[in-house]
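> fold the following and give me the result.
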Amino acid sequence: MVNKSSSGARSPLSLVVAMALCCFFYVLGAWQRSGYGKGDRIAAAVNRQAACGGPDAVAAGLSFETHHGGDAAANASAAAAAAAGAGPEFAPCAAALADHTPCHDQDRAMKFPRKNMVYRERHCPADGERLRCLVPAPPGYVTPFPWPKSRDYVPFANAPYKSLTVEKAVQNWVQYEGAVFRFPGGGTQFPQGADKYIDRLGSVVPFAGGHVRTVLDTGCGVASLGAYLDSRGVIAMSFAPRDSHEAQVQFALERGVPAFIGVLGSVKLPFPPRSFDMAHCSRCLIPWGGNGGMYMMEIDRVLRPGGYWVLSGPPINWKTNHKAWERTEADLAAEQQRIEEYAAMLCWEKVTEINEVGIWRKRPDPAAACPDRPAVRTCDEANPDDVWYKNMETCITPPAGAGAGELQPFPARLATVPPRISSGAVAGFTAESYAEENRRWERHVAAYKKVNYKLSSERYRNIMDMNAGVGGFAAAIFSPKAWVMNVVPTAAKLSTLGVVYERGLIGMYHDWCEAFSTYPRTYDLIHANGIFTLYKDRCKMEDILLEMDRILRPEGTVILRDDIEVLLKVQRTAKEMRWKTLMANHEDSPNIREKVLFAVKRYWTAGGEGSESEEQKNTGGSTEGGKGLEE
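Here you go, the predicted model:
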């Protein structure tokens with residue numbers, strides 16, 4: 001029995017003794033169970049640090065606050081922290097590489113054919129050409145404004161490119177106002193603002209009531225459509241080519257709008273069939289009437305039954321606008337005729353044409369007869385989710401099998417069993433196991449919040465889950481203040497991205513042996529469950545970590561779950577990348593080998609605070625990495 005002081009509190013000596021006994025018996029038990037293996041000795045060492053201290057002990061010394069906010073100048077505290085201790089093993093890249101996008105490099109792109117926009121697609125460097133350095137933030141970089149202020153304002157230092165303020169001045173895309181860019185919400189087809197444009201669409205498309213939740217915005221510009229749909233409970237996945245207009249996708253991401261670098265070219269979009277409730281093109285310059293209707297067939301593939309396709313701009317209402325568009329009446333009439341014919345071939349119903357906006361709807365019942373459809377080849381759909389680097393075809397995607405089911409309005413669909421699960425389309429998942437999976441992630445996220453209380457705040461807007469599964473993490477942290485890019489790796493055993501979309505969430509396929517299709521400093525928080533075990537024999541751990549560093553914002557947070565031995569290797573490399581790290585036990589038991597690694601990327605800029613030496617800056621840094629992880 002432990003003695004108590006007269007005040008009823010435990011004495012300091014008794015607390016020390018209790019904690020010492022706790023650690024001793026835990027380590028003794030772990031040693032007896034595990035034998036003399038190297039991994040078990042490492043696990044015991046880590047557990048001695050965290051097993052008896054609880055969440056407060058784990059969180060000590062790791063700050064999740066930002067110190068370089070959009071409302072204040074950067075201070076020198078982070079620079080001093082970065083300078084403390086041993087220098088980083090990975091050198092900074094040259095300052096000119098602040099916006100490095102490895103798989104969308106402009107010089108490499110020009111070596112590929114222009115036909116079907118092939119040169120604008122993903123073309124990644126070979127292993128020997130990958131940079132082994134840390135991509136710097138530009139001088140003066142500050143933490144983006146919190147949402148919703150970030151919708152309208154972006155710090156100039158974060159994306160210092162003014163060309164759009166001149167090129168699109170009359171269309172209200174973006175305006176330069178000294179230290180910030182302001183985004184009035186305009187677009188080429190909605191210069192009076194996205195809200196009024198959405199109101200016009202809303203007279204036909206049922207945004208209200210959660211019936212339309214996921215939208216694909218092709219050729220998005222600065223993604224004002226997605227930015228203004230957000231307040232209506234609609235989430236848009238926006239994409240555009242890299243720098244067709246300078247920094248358009250970069251601006252979208254700085255604003256806090258879901259976006260990626262991409263194009264409708266020759267390969268399929270990185271989404272499963274039946275992902276979106278609506279697809280949208282506002283003067284997106286995609287030749288819908290060309291290639292035998294191939295691009296419209298690709299939209300049909302990713303559009304859900306009953307979904308809408310919105311085409312805003314040429315050739316709609318060409319009789320009124322052909323002079324302004326500087327095209328002949330015959331050319332525009334022929335283009336619209338081809339679009340109408342392909343829409344009929346796909347059995348889309350023309351709902352309305354309002355001024356320069358045409359709206360079609362895909363049949364709600366895909367099994368219903370389509371008597372006017374000409375003979376068109378049906379796509380070979382042995383594995384309909386296998387789309388990574390697969391070429392688009394002029395064929396029609398067959399409807400889903402029996403039991404596909406209807407979706408509930410959002411947000412009910414977030415918690416309802418998705419049709420792909422209830423129909424047994426995802427091997428190994430039942431309604432019961434799906435429910436248990438969601439409960440598991442609720443427990444995980446509850447434990448995360450004990451370490452990082454900022455998870456429930458406006459601190460994180462742009463979030464990525466690198467190995468999303470059925471979207472359990474995203475559902476557990478769901479908030480209107482944030483969005484999650486749910487990535488399903490191409491290496492995953494199960495293709496679960498369709499389930500993610502049926503929940504009213506968004507995401508895409510990706511191979512983490514390659515760079516992601518985004519600009520540097522895109523995400524505030526990156527979560528990854530078992531990603532390094534998944535890619536253990538596929539590519540180098542350090543390459544995945546360097547890519548995470550590239551797309552993570554300064555002072556951004558990383559949460560990794562994996563086996564203890566894997567995480568210890570990751571932790572060593574992370575420290576060489578200027579990350580501060582702390583290890584935590586699995587929330588259920590310290591005896592479980594799965595652990596959680598929390599990390600925060602330190603603030604530093606090209607040639608500025610916490611950055612490289614003058615000698616490193618002049619040489620552009622090293623392209624060789626640190627010590628190999630295999631050592």
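> if I pick residue 348, what's in contact with it?
300, 309, 360, 361, 362, 363 (Cβ atoms under 8 Å, 6 or more residues apart in numbering). Where you see a C-beta, it was placed from the backbone N, CA and C, and this is true even at glycine.
> ok, now residue 466?
Residues in contact with residue 466 (Cβ under 8 Å, 6+ apart) are 487, 489, 512, 526, 527, 528, 529, 531, 548.
> let's see that with 6 Å instead.
The contact partners of residue 466, by Cβ atoms under 6 Å, 6 or more residues apart in numbering, come to 487, 528, 531.
> same question, residue 574
Contacts of residue 574 (Cβ under 6 Å, 6+ apart): 581, 599.
> for the contacts of residue 348, which one is nearest residue 228?
Taking Cβ to Cβ as the measure, residue 309 is the one of these closest to residue 228, at 19.4 Å.
> in three-state terms, label that closest one for me.
strand (DSSP: H, G, I helix; E, B strand; the rest coil).
> quick check, pLDDT for it.
Per-residue pLDDT puts residue 309 at 98.
> again, but for residue 373
73.
> now the helices for the stretch 451-600 of the chain?
For the stretch 451-600 of the chain, applying DSSP state H, counting those that start in this stretch gives helices covering 472-476, 497-502, 531-534, 541-551, 564-576.
> with residue 62 as the reference, name the closest of those.
Per Cβ to Cβ, nearest to residue 62 of the helices of the stretch 451-600 of the chain: helix 564-576, 12.2 Å.
> for that closest one, C-alpha coordinates in CSV please.
Taking Å, rounded to 0.1, in the frame of the first residue of the first chain, the C-alpha atoms of helix 564-576 are listed here in CSV:
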residue,chain,number,x,y,z
ILE,A,564,8.8,0.0,-34.5
GLU,A,565,11.9,-1.1,-36.4
VAL,A,566,10.7,0.7,-39.5
LEU,A,567,9.9,3.9,-37.6
LEU,A,568,13.3,4.0,-35.9
LYS,A,569,14.9,4.1,-39.4
VAL,A,570,12.5,6.7,-40.5
GLN,A,571,13.2,8.7,-37.4
ARG,A,572,16.9,8.8,-38.0
THR,A,573,16.4,10.0,-41.6
ALA,A,574,13.7,12.5,-40.5
LYS,A,575,16.1,14.2,-38.1
GLU,A,576,18.6,14.6,-41.0
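> low-scoring pLDDT stretches of the stretch 401-550 of the chain, where are they?
401-405 (pLDDT under 70).
> tell me the strands beside the host helix or strand of residue 280, with direction?
Remark: residue 280 resides in strand 276-282, with elements defined by DSSP states H and E. Partners of strand 276-282 in the sheet, by DSSP bridges, are strand 214-218 (parallel), strand 303-312 (parallel).
> which one of those lies nearest to residue 520?
It's strand 214-218; of those, that one is closest to residue 520 (Cβ to Cβ) at 22.3 Å.
> could I get the contacts of residue 348 as TSV with secondary structure and neighbour count?
Output for these, formatted as TSV (DSSP: H, G, I helix; E, B strand; the rest coil; neighbours: other Cβ atoms under 10 Å):
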residue	secondary structure	neighbour count
300	helix	22
309	strand	24
360	strand	24
361	strand	21
362	strand	22
363	coil	17
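> give me the buried positions along stretch 477-496.
477-478, 482-492, 495-496 (16 or more other Cβ atoms under 10 Å).
> how far is stretch 282-296 from where the chain is centred?
Distance of stretch 282-296 from its chain centroid, counting by Cα atoms, centre = their mean, to the nearest Å, is 26 Å.
> residues near residue 111, how many?
Using other Cβ atoms under 10 Å, the number of residues around residue 111 comes to 9.
> report the secondary structure state of it.
Under three-state DSSP, the three-state class of residue 111 is coil.
> state the distance from it to residue 392.
Per Cβ to Cβ, to the nearest Å, residue 111 is found 22 Å from residue 392.
> the strand ranked longest in the chain: partners in the sheet, and parallel or antiparallel?
Determined from DSSP state E, the single longest strand within the chain is strand 552-563. Neighbouring strands of strand 552-563 in its sheet, by DSSP bridges, are strand 523-529 (parallel), strand 594-601 (antiparallel).
> ok, how many other residues are close to residue 137?
Residue 137: 25 neighbours (other Cβ under 10 Å).
> quick one, what contacts it?
Residues in contact with residue 137 (Cβ under 6 Å, 6+ apart) are 554, 605.
> ok, 8 Å please
Residues in contact with residue 137, defined by Cβ under 8 Å, 6+ apart, are 98, 520, 521, 554, 603, 604, 605, 606.
> tell me the mean pLDDT over stretch 146-160?
97.
> for that stretch, how far is the first residue from the last?
When the termini of stretch 146-160 are compared using Cα to Cα, to the nearest Å, they are 19 Å apart.
> same thing with stretch 261-275?
Taking Cα to Cα, stretch 261-275 runs 19 Å from one end to the other.
> in that stretch, what counts as buried?
261-275.
> let's see which of the residues you listed end up in strands.
Counting by DSSP E, those place residue 261 in strands.
> now, which of the buried residues of stretch 261-275 sits nearest residue 516?
Distance to residue 516 across those (Cβ to Cβ) is lowest for residue 261, with 9.0 Å.
> which residues sit in contact with the closest one?
Here residue 261 is in contact with 101, 104, 239, 240, 241, 242, 249, 517, 518, 519 (criterion: Cβ under 8 Å, 6+ apart).
> number of residues surrounding the fifth one?
Going back to what we said before, that points to residue 241. For residue 241, using other Cβ under 10 Å, the count is 21.
> do the same with residue 285
15.
> hang on, it in a helix?
No - if the criterion is three-state DSSP, then residue 285 is coil and not within a helix.
> I'd like the distance between it and residue 357.
In terms of Cβ to Cβ, residue 285 sits 16 Å off from residue 357.
> just the pLDDT at residue 89, thanks.
You'll see residue 89 listed with a pLDDT of 79.
> wait, isn't it in contact with residue 576?
Yes - Residue 89 is within contact range of residue 576, at 3.5 Å (criterion: Cβ atoms under 8 Å).
> buried stuff in stretch 440-454?
Using 16+ other Cβ under 10 Å as the test for burial, stretch 440-454 gives 441, 444, 445, 447, 448, 451, 452, 454.
> can you list contacts of it?
With Cβ under 8 Å, 6+ apart as the test, stretch 440-454 has contacts from 55, 58-59, 64-65, 455-456, 460, 472-473, 475-477, 557, 559, 561, 582, 584, 587-588, 596, 598.
> and stretch 296-308, end to end?
With Cα to Cα applied, stretch 296-308 spans 12 Å between its terminal residues.
> thinking again about what came up before, ok, which pair from the buried residues of stretch 261-275 is furthest apart?
Going by Cβ to Cβ, the pair spanning the buried residues of stretch 261-275 furthest: 261 and 274, at 24.1 Å.
> and the strands paired with strand 552-563 as TSV, adding distance to residue 373 and mean neighbour count?
Below are the strands paired with strand 552-563 laid out as TSV (distance: least, Cβ to Cβ, whole Å; neighbours: other Cβ atoms under 10 Å):
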stretch	distance to residue 373	mean neighbour count
strand 523-529	43	24
strand 594-601	52	22
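> residue 367 is nearest to which of those?
Evaluated with Cβ to Cβ, these place strand 523-529 nearest to residue 367, the distance being 37.1 Å.
> walk me through the domains of this protein.
What the TED database lists as the domains of the chain is 191-362, 412-601.
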